[in-house]
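K.L.:
Next input, structure requested:
(2 chains)
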Number of protein chains: 2
Amino acid sequence: MAKALRIRGAGGPEVLHIEDFEPPSAAAGEVQVEIAACGLNRADVLQRRGFYPAPKGTVADIPGLEFAGTVSALGQASTRWKLGDKVMGICAGGGMATHIAVPEGTLLPVPRCLDLIEAAAVPEVYLTAFDALQQGGMYEAGAAKTVLVHAVGSGVGVAAVQLIQRAGGVAIGTSRTQDKLDRARELGLAHSILVEDKRFAVGVKELRAQGVDIILDFIGAAYLAENLQALATCGRLVVIGLLGGVSAELSLGLLLAKRASIIGTVLRSRSTEEKVALTKSFSESIMPDLESGILVPVTDRVFDMKDVAQAHEYMESNQSFGKIVMRW
Amino acid sequence: MAKALRIRGAGGPEVLHIEDFEPPSAAAGEVQVEIAACGLNRADVLQRRGFYPAPKGTVADIPGLEFAGTVSALGQASTRWKLGDKVMGICAGGGMATHIAVPEGTLLPVPRCLDLIEAAAVPEVYLTAFDALQQGGMYEAGAAKTVLVHAVGSGVGVAAVQLIQRAGGVAIGTSRTQDKLDRARELGLAHSILVEDKRFAVGVKELRAQGVDIILDFIGAAYLAENLQALATCGRLVVIGLLGGVSAELSLGLLLAKRASIIGTVLRSRSTEEKVALTKSFSESIMPDLESGILVPVTDRVFDMKDVAQAHEYMESNQSFGKIVMRW
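P.N.:
Prediction:
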């Protein structure tokens, strides 16, 4: 029988329940995937707590923003995949189930060198990091970019460090944990800054007097002022998350003086067309390096789905480095 | 004898003095221009008051950010222009003089249908509006853009309305003065909003429920929250001026939800290379429409340089619509 993880109410991990469910069938242009594993994300924890409802048109009570599995049914006019293909992808919800139906253009082939459990650690973090770096100007013509990556031990942080190194850029990472910085150094992080009392701009300037070209930020309000200090002329601050608050004083004077930009971004609420476009661009730019094993996803721990409460607790303890993956 | 307008101290128009000066000679790659007329800008008023010092490497006490005149000397290896050519351009200061020396790549030819007084109203406002619209995404592929232009009666505002219409976009303009809105309508403004008590977002939503794609803002802090409200998904707020304050609370939550961007920009402090690149891009995209008379600069009043104090007072009275020009 098909199963899904349901959020019943809002609160601690006790609101999560594995239940039987009717697998969604593939509509025209869609593909049904039998899911082997699913990456756990901060967004799942926020959704469980009631702070991050699913966008309209998405299943409201099954979390899960990514998955890897096997094509199990084809909708009408779905021609890109065949039954049994191993695929992975992002979704706006519903990834924490044994089955999902998604537009065929949002799927990626599982790299040959990865099994489905390893592949479940790929879509969300690499697509997010790639998209954010792209918006930050990483892949535009010009000199190699220096990028400040906050929470560098997070799944997206680790993926970003790999992509920056691969693109010929220089990654500076921050963390509140020395051990995570040390591990990120082994993955290609050029410089590390241990954040104490939310300060890091002085550390950045010591490493690069003119500041950094791009910042990938998951913290938001608590880091806004220091982020602006740490940016170089024409630098871009890409805000991906708001773990440190949603509202803060902005020095427009400094923004203009530096001719800097602040870019807010989320993947989840994007239209299918936008997700297909991103998947295509990722396919062309990054998939070859995943196929060849140059980029290797970093998974911290794999939990069985029945232990999902433990997995949430582990994520909330901030001990993980890289991805947490749930398997059926 | 060559003359220059000098700022002696900081304060009211009484600190402005016309004095004899030694005309700057053209260095290698530069051209000396004998200036006929110079547009007056808000920046000149701010500099007079002591709030907007010239960037390093620029004459500190002669204001003036644009000019039109005649090539009067060529520096070594300056090959683009010949003596007597009628030219116009932007500069980081020193435009309020009878002579200036500037890099040859920052000059534009005066359109045949304009005299030098009319041409002095062109460089700053059209380059600023073009550059800001470009940063806002106006000229990228995709659907026609809807643009909110604040202070639509200002020089840059009027130029922006013309450029937006010419690019097939829809311009919505704001002003605190009904008469300026009426005049802007005659120039191609599609919709107008009279701003009272710094509110305009509701008015924007009434005109376009999803909000606008681009905002050109000269106000800064006082308009930040309403600007974010008025933006569409993936909209871009381009902040060009800070007449309404330099610091304000930013809702990062809304910025992310809308996947919006805030872009700070200034022309004055840019490097010569950047100014040359902008001049070239403007030359290709906009100059043909100035040459053919499709775009006509809007000059409110022309003052003799000896009446510069009056001109500053007139600008500070906020009565002008379009440009104020100073002639020698």
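K.L.:
Per-residue pLDDT of A:Gly220, please?
P.N.:
Note on A:Gly220: pLDDT of 97.
K.L.:
go on, the one 4 residues further on?
P.N.:
Note for A:Leu224: predicted pLDDT of 98.
K.L.:
what about it, is that helix, strand or coil?
P.N.:
Three-state assignment for A:Leu224 (DSSP: H, G, I helix; E, B strand; the rest coil): helix.
K.L.:
how about the nearest residue to it, chain neighbours excluded?
P.N.:
Leaving aside its chain neighbours, A:Leu224 sits nearest to A:Ala248 (4.2 Å; criterion: Cβ to Cβ, 6 or more residues apart in numbering or on different chains). C-beta: built from backbone N, CA, C; applies to glycine.
K.L.:
in the sheet, who's paired with that neighbour?
P.N.:
B:Leu250 (DSSP bridges).
K.L.:
And for it, the neighbour number?
P.N.:
Using other Cβ atoms under 10 Å in any protein chain shown, the number of residues around A:Ala248 comes to 18.
K.L.:
now do A:Leu107
P.N.:
So A:Leu107, with other Cβ under 10 Å, has 26 neighbours.
K.L.:
same thing with the one 5 residues further on?
P.N.:
Counted with other Cβ under 10 Å, the burial measure for A:Arg112 works out to 10 neighbours.
K.L.:
How about the one 3 residues further on?
P.N.:
With neighbours defined by other Cβ under 10 Å, the count for A:Asp115 comes to 13.
K.L.:
Report pLDDT for it.
P.N.:
pLDDT for A:Asp115: 98.
K.L.:
And it, how far from chain B?
P.N.:
34 Å (Cβ to the nearest Cβ, to the nearest Å).
K.L.:
Just want the phi and psi numbers for that residue.
P.N.:
Here is the backbone geometry of A:Asp115 (degrees, to the nearest 10): phi -90, psi 180.
K.L.:
and if you look at A:Ala97?
P.N.:
The phi/psi pair for A:Ala97 (degrees, to the nearest 10) is phi -150, psi 170.
K.L.:
these two touch, right, it and A:Leu5?
P.N.:
Yes - using Cβ atoms under 8 Å, A:Ala97 is in contact with A:Leu5, at 6.8 Å.
K.L.:
got any residues that touch both of those two?
P.N.:
A:Ile62, A:Gly64 (Cβ atoms under 8 Å, 6 or more residues apart in numbering or on different chains).
K.L.:
State the distance from the residue nearest to A:Leu224 to B:Leu256.
P.N.:
Distance, A:Ala248 to B:Leu256, by Cβ to Cβ, to the nearest Å: 13 Å.
K.L.:
and what of A:Met138?
P.N.:
For A:Met138, the distance to B:Leu256 (Cβ to Cβ) stands at 20 Å.
K.L.:
Who has more neighbours out of the two?
P.N.:
Taking A:Met138 and B:Leu256 together and counting by other Cβ under 10 Å, A:Met138 has the greater number of neighbours (24 against 20).
K.L.:
Give me the most central residue, chain A.
P.N.:
A:Val125 (3.0 Å; Cα atoms, centre = their mean).
K.L.:
what sits against it?
P.N.:
Contacts of A:Val125 (Cβ under 8 Å, 6+ apart): A:Gly39, A:Gly155, A:Val156, A:Val158, A:Ala159, A:Pro297, A:Lys323.
K.L.:
Same check on A:Ala92?
P.N.:
For A:Ala92, the contact set (Cβ under 8 Å, 6+ apart) comprises A:Ala54, A:Pro55, A:Gly57, A:Thr58, A:Leu65, A:Arg268, A:Ser269.
K.L.:
Do a quick rundown of the helices in the stretch 1-150 of chain A.
P.N.:
A:42-48, A:116-119, A:123-136 (DSSP state H, counting those that start in this stretch).
K.L.:
which parts of chain A sit against chain B?
P.N.:
Neighbours of chain B within chain A, by Cβ under 8 Å from any Cβ of the partner chain: A:220-221, A:224, A:239, A:242, A:245-253, A:255-266, A:269-270.
K.L.:
Tell me which entries of the residues you listed lie within helices.
P.N.:
A:Leu224, A:Leu252, A:Gly253, A:Leu255, A:Leu256, A:Ala257, A:Lys258 (DSSP state H).
K.L.:
Can you tell me which of these are buried?
P.N.:
A:Leu224, A:Leu252, A:Gly253, A:Leu255, A:Leu256, A:Lys258 (16 or more other Cβ atoms under 10 Å in any protein chain shown).
K.L.:
Identify, from those residues, the entry nearest to B:Leu148.
P.N.:
Taking Cβ to Cβ as the measure, B:Leu148 sits nearest to A:Leu252 out of these, at 17.1 Å.
K.L.:
Distance check, the residue nearest to the closest one when sequence neighbours are not counted against A:Gly153.
P.N.:
Nearest residue to A:Leu252 in three dimensions, chain neighbours excluded: B:Gly220, at 4.8 Å (Cβ to Cβ, 6+ apart). Here the criterion is Cβ to Cβ. By it, B:Gly220 lies 37 Å from A:Gly153.
K.L.:
Those two: which has the busier surroundings?
P.N.:
A count of neighbours by other Cβ under 10 Å puts A:Gly153 above the other of B:Gly220 and A:Gly153, at 27 against 24.
K.L.:
Verify the stated contact: the more buried one with A:Thr177.
P.N.:
Yes - with contact defined as Cβ under 8 Å, A:Gly153 and A:Thr177 form a contacting pair (6.6 Å).
K.L.:
Can you name the residues that contact A:Cys234?
P.N.:
Residues counted as contacts of A:Cys234 (Cβ under 8 Å, 6+ apart) are A:Asp213, A:Lys258, A:Arg259, A:Ala260.
K.L.:
How about the contacts made by the third one?
P.N.:
Residues touching A:Arg259, when contacts are defined by Cβ under 8 Å, 6+ apart, comprise A:Thr233, A:Cys234, B:Gly264, B:Thr265, B:Val266, B:Ser269, B:Arg270.
K.L.:
What does the pLDDT read for the fourth one?
P.N.:
The score at B:Thr265 is 97. That number is its pLDDT.
K.L.:
That one and B:Leu133 touch, don't they?
P.N.:
No - at 10.9 Å, B:Thr265 and B:Leu133 do not qualify as touching, with contact defined as Cβ under 8 Å.
K.L.:
what is in contact with these two at once?
P.N.:
Common neighbours of B:Thr265 and B:Leu133 (criterion: Cβ under 8 Å, 6+ apart): B:Val238.
K.L.:
where do the strands sit along the stretch 51-200 of chain A?
P.N.:
Remark: strands assigned in the stretch 51-200 of chain A by DSSP state E, counting those that start in this stretch are A:66-74, A:86-90, A:99-103, A:107-109, A:146-149, A:170-175, A:191-194.
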